[in-house]
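Enquirer: Compute the structure for the input listed below.
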Amino acid sequence: MLSDGSTSRVMVLPVRVFTNICILTTSLCTCLSAWELLEIYSGFPLLITLFSIEKYRMKLLSSRILALLLFTLICLSRGQDDDVGDDEEAEEKLEEPNEPEEQQEKSFKPEYKPPKPSGDVHFAESFDSADLEPRWIVSEAKKDDTDEAIAKYDGKWKIEEAQSNSLQGDMGLVLKSRAKHHAISARLDSTYRFSGKPLVVQYEVKFQNGMECGGAYVKLLTAETATDLETFGDKMPYTIMFGPDKCGMDHKLHFIFRHKHPLKGTFEEKHAKKPSGKIETYFTDKKSHLYTLVVFPDNTFEIFVDQEMVNSGSLLEDVSPAVNPPAEIVDPDDKKPSNWDEREKIPDPDAEKPEDWDESEPEMIIDTDATMPEGWLEEESELMDDPDAERPSDWDDEMDGEWEPPKINNPKCESAPGCGEWTPPKIKNPKYKGKWKAPKIDNPEYKGKWKARTIPNPDFFEDKTPYKMTDISAIGLELWTMTEDIYFDNFIITDDKAVADQWAEDSWAIKRVAEQSSSGSGKSLVDAIVDATNDRPWLWAVFAVVVVLPMILIIVYCCVNRDSSAKIEDLKKKTDEPSPDDEPTEEEKTEENIEENDKKPTEEIIEDADKSAAGDAATTARKRKTKSALEQPEKGEEKKAEQPEKGEEKEAEQPEKGKEKEAGNEANDEGDAENEAEQESTSSNSPRKSPRKKTVRKE
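Expert: Now for the predicted structure:
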């Protein structure tokens, strides 16, 4: 089988494009993560909130995911490059030196070299000569039961180069007419007989203008009847019909063989199952495609398109109708007996209708308890004449009848529960039982569903070797098409698959590489992606992940979490005001008071030591009074200033019950507080001595 590396260079294009997209997206996400981390560190030199850390970790994880996708795509692209390396020898034939612009197109095309069969063949045609005759014979037949104007096979055939020929001098058989019947045939070099060797049929088709409705299949004509090829038409028997066919949205790849009834001698067409692969693009991409059929002596078959298998099966099991008829059939003369009872359930013949069963009671009755709603307007109708309507000036009573104004909804009924005659609603009748039916019971005479008996098939036979078909002596094309310029090339019929593969290597493979190289520069990205995914559908999943995931991450970065920056700004320390997370300790408070006393020598500080009930460290509450306020002569104000001090002393003197240690230390604390107050009062002239040695007793 031919290597698929010749298509790899085109498939590498979408992979490389999305690899570059993944690289750019990964770089962008990494920069965004680094920028936000720098922003956080610039605002918090020592403290970073847990929220910010988790956010950075999520973005770092996203970048790693994208990096993993990038690595996967690089591996895929490398693998494709390795496949491309297998076709370097074929591509060397396409390399041409740079030439002037007017000769560039001509020099780009490699020169065509006719292929040579590498083994025994029954037929090989590469159309190296522009003459149809004498090998190819155009039919002069007419179709039966068809209008005379279109009955004749008058479609035109010509041997010429393709419209977009990728090899200089490469010619093929072209169907030139539209909406006409075409028929052309040629005899094999030697008759093929199904004598234990495979049958291999292979040829190229190129729909240069696409395909609207028509076929491009070949017929292998039966040797016994293919005596006069000038009369070749739809009535001439064939052994095998193989090839593509399309009309509308129905795409087919035919494999039909005519099987001979061993008892009656009649022939019946057997159609192979539909191919599993997708064949739609072969009719629209305007490229050369290679169709291959192999029928093996073990009654199996294989179908390839572009050297890739699209269908396979057994001649005994995977064709319709089946080759061998069933051993038994339904007796056409058998009829169901008149007393055959197929009823599984029957009404109980012993059941009787109850005496109180009244079938005359209606299902719905009038609700006697219902009353007319309050506010119901019985004198008003729901519709009324439109007071604003005017009779048309051209209204003729004799022609149009008496004019009546159109009706509109009565505005008085809009606010009322209803208008017009009121009728009470209906409710379900509690006495209603319906028509009485007898309950069903099992039918004692039930015999089941009747089926006609089967009898031995009088036409039964068993052909264990459907491979042995009628001999083949000619190949023909009998087609009707609505699209012209269908290009055929490189027919070969042999009994060795290796010979057909080598024929394809020397012809179709070189042509395919040339077509891809010539059309690759003008191919859009979408076309390249579609071509790549035709043979590898799993690439759609890779492309979806690479495109969708980066877009989601970019949206999240740019839109979703933008309010988090405002939260970070709120957490930043803009002023010297203390925040809840950095409350000063007792020692820091003492140092701050010392610095303030150094800066303000005229102030006097009065400190009172308070003891906590639980015996924790004593806290000092300081109250500052300016010297001018202490020197006021009013005695009333001095008493007011002394009252809070006495209250604080009383609070400090209240010990908790059950704590003996605190009772012994209260007097010492009061003494220390008085000594400190005296020292501070004398430190107005020299403020840097006593405040520095101030201590607080802790228990």
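Enquirer: I303 falls within a strand, correct?
Expert: Yes. Membership of I303 in a strand is supported by DSSP: H, G, I helix; E, B strand; the rest coil.
Enquirer: quick one, what contacts it?
Expert: By CB atoms under 8 Å, 6 or more residues apart in numbering, the residues touching I303 are L253, F255, A272, P275, Y291, T292, L293, V294, M309, V310, N311, S312. Placement of C-beta: from N, CA and C, glycine included.
Enquirer: So for the single longest strand found in the chain, mean pLDDT?
Expert: In the chain, assigned by DSSP state E, the strand with the most residues is strand 180-192. What strand 180-192 shows for mean pLDDT is 94.
Enquirer: Repeat that for stretch 202-210.
Expert: The model assigns stretch 202-210 a mean pLDDT of 93.
Enquirer: Also stretch 484-491?
Expert: For stretch 484-491, the mean pLDDT works out to 94.
Enquirer: Now do the SS call for the nearest residue in space to R178 that is not next to it in sequence.
Expert: Once flanking residues are discounted, R178 sits nearest to E484: 4.2 Å by CB to CB, 6 or more residues apart in numbering. With three-state DSSP as the basis, E484 sits in coil.
Enquirer: Count the neighbours of E484 for me.
Expert: E484 is flanked by 18 other residues according to other CB atoms under 10 Å.
Enquirer: Drop anything exposed from the contacts of I303.
Expert: Among those, those classed as buried by neighbour count (16 or more other CB atoms under 10 Å) are L253, F255, A272, P275, Y291, T292, L293, V294, V310, N311, S312.
Enquirer: Check pLDDT for these and point me to the minimum.
Expert: P275 (87).
Enquirer: in a helix, that's where it is, yeah?
Expert: No. P275 sits outside any helix when classified using three-state DSSP, being coil.
Enquirer: Now do it against Y282, distance only.
Expert: To Y282, P275 is 11 Å away according to CB to CB, to the nearest Å.
Enquirer: residue ranges for the strands of the stretch 251-400 of the chain, please.
Expert: Along the stretch 251-400 of the chain, the stretches classed as strands by DSSP state E, counting those that start in this stretch are 267-272, 288-295, 300-305, 308-314, 319-320, 328-330, 345-347, 364-366, 383-385.
Enquirer: Give me the three-state assignment for the nearest residue to Y203 once chain neighbours are set aside.
Expert: Distances taken as CB to CB, 6+ apart place F491 nearest to Y203, at 4.4 Å, with adjacent residues excluded. Local secondary structure at F491 is given as strand here, using three-state DSSP.
Enquirer: for W503, same thing?
Expert: Secondary structure, three-state DSSP: W503 is helix.
Enquirer: burial of the closest residue to it other than its chain neighbours, as a residue count?
Expert: Nearest residue to W503, sequence neighbours excluded (CB to CB, 6+ apart): I492, at 5.1 Å. As a burial measure, I492 scores 23 neighbours (other CB under 10 Å).
Enquirer: quick one: low-confidence ranges for the chain?
Expert: Within the chain, the stretches with pLDDT under 70 are 1-108, 518-537, 556-699.
Enquirer: how close does P387 get to W340?
Expert: Separation of P387 from W340 (CB to CB): 76 Å.
Enquirer: Looking at these two, which one has more neighbours?
Expert: W340 (12 against 7).
Enquirer: Looks like the more buried one contacts K447 (just checking).
Expert: Yes. Assessed by CB atoms under 8 Å, W340 is found in contact with K447 at 5.9 Å.
Enquirer: ok, so what distance separates E374 from L253?
Expert: Counting by CB to CB - E374 and L253 are separated by 80 Å.
Enquirer: same thing with A541?
Expert: For A541, the distance to L253 - CB to CB - is 27 Å.
Enquirer: gap between F543 and L549?
Expert: F543 sits 11 Å away from L549, going by CB to CB.
Enquirer: Next: A130.
Expert: Remark: distance between A130 and L549 (CB to CB) = 57 Å.
Enquirer: got it, and A474?
Expert: The gap separating A474 from L549 is 59 Å, by CB to CB.
Enquirer: what's the neighbour count on R178?
Expert: Using other CB under 10 Å, R178 has 15 neighbouring residues.
Enquirer: dump the residue contacts of P456.
Expert: Contact analysis of P456 by CB under 8 Å, 6+ apart lists A327, E328, I329.
Enquirer: CA-only coordinates of stretch 288-296 in CSV, if you can.
Expert: What follows is stretch 288-296, C-alpha atoms only, in CSV (Å, rounded to 0.1, in the frame of the first residue of the first chain):
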residue,chain,number,x,y,z
SER,A,288,-7.2,13.3,-8.8
HIS,A,289,-8.4,10.4,-6.7
LEU,A,290,-7.3,6.7,-7.1
TYR,A,291,-10.0,4.0,-6.9
THR,A,292,-9.0,0.4,-6.4
LEU,A,293,-11.0,-2.8,-6.2
VAL,A,294,-9.6,-6.1,-5.2
VAL,A,295,-11.6,-9.4,-5.3
PHE,A,296,-9.8,-12.3,-3.6
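Enquirer: just checking, the residue nearest to Y203 touches H122?
Expert: No. Using CB under 8 Å, F491 is not in contact with H122; the gap is 10.6 Å.
Enquirer: separation between the closest residue to H181 other than its chain neighbours and F123?
Expert: Residue nearest to H181 in three dimensions, not counting chain neighbours: Y153, with 4.7 Å by CB to CB, 6+ apart. According to CB to CB, Y153 and F123 sit 22 Å apart.
Enquirer: What's the local residue count around P115?
Expert: P115 has 19 nearby residues by other CB under 10 Å.
Enquirer: Kindly report the same for A130.
Expert: As a burial measure, A130 scores 10 neighbours (other CB under 10 Å).
Enquirer: Which residue is the nearest non-sequential neighbour of it?
Expert: In space, and not counting its chain neighbours, A130 is closest to I159: 5.0 Å by CB to CB, 6+ apart.
Enquirer: Residues contacting the helix or strand in which that neighbour is found, please?
Expert: Per DSSP states H and E, I159 falls inside strand 157-161. Strand 157-161 is contacted by residues 127, 129-132, 136, 138, 169-176, 182, 184 when judged by CB under 8 Å, 6+ apart.
Enquirer: could you redo the last one with a cut-off of 6 Å?
Expert: F127, A130, M171, L173, V174, K176, I184 (CB atoms under 6 Å, 6 or more residues apart in numbering).
Enquirer: Show the subsequent helix or strand relative to that strand.
Expert: That would be, after strand 157-161 and using DSSP H and E, strand 171-175.
Enquirer: That following strand vs strand 180-192, what angle?
Expert: Interaxial angle, strand 171-175 versus strand 180-192 (axes from the mean of the first three to the mean of the last three CA atoms, to 10 degrees): 130 degrees.
Enquirer: The helix or strand containing K206 pairs with which strands?
Expert: Element membership for K206, per DSSP H and E: strand 199-207. Using DSSP bridges, the strands paired with strand 199-207 are strand 288-295 (antiparallel), strand 486-494 (antiparallel).
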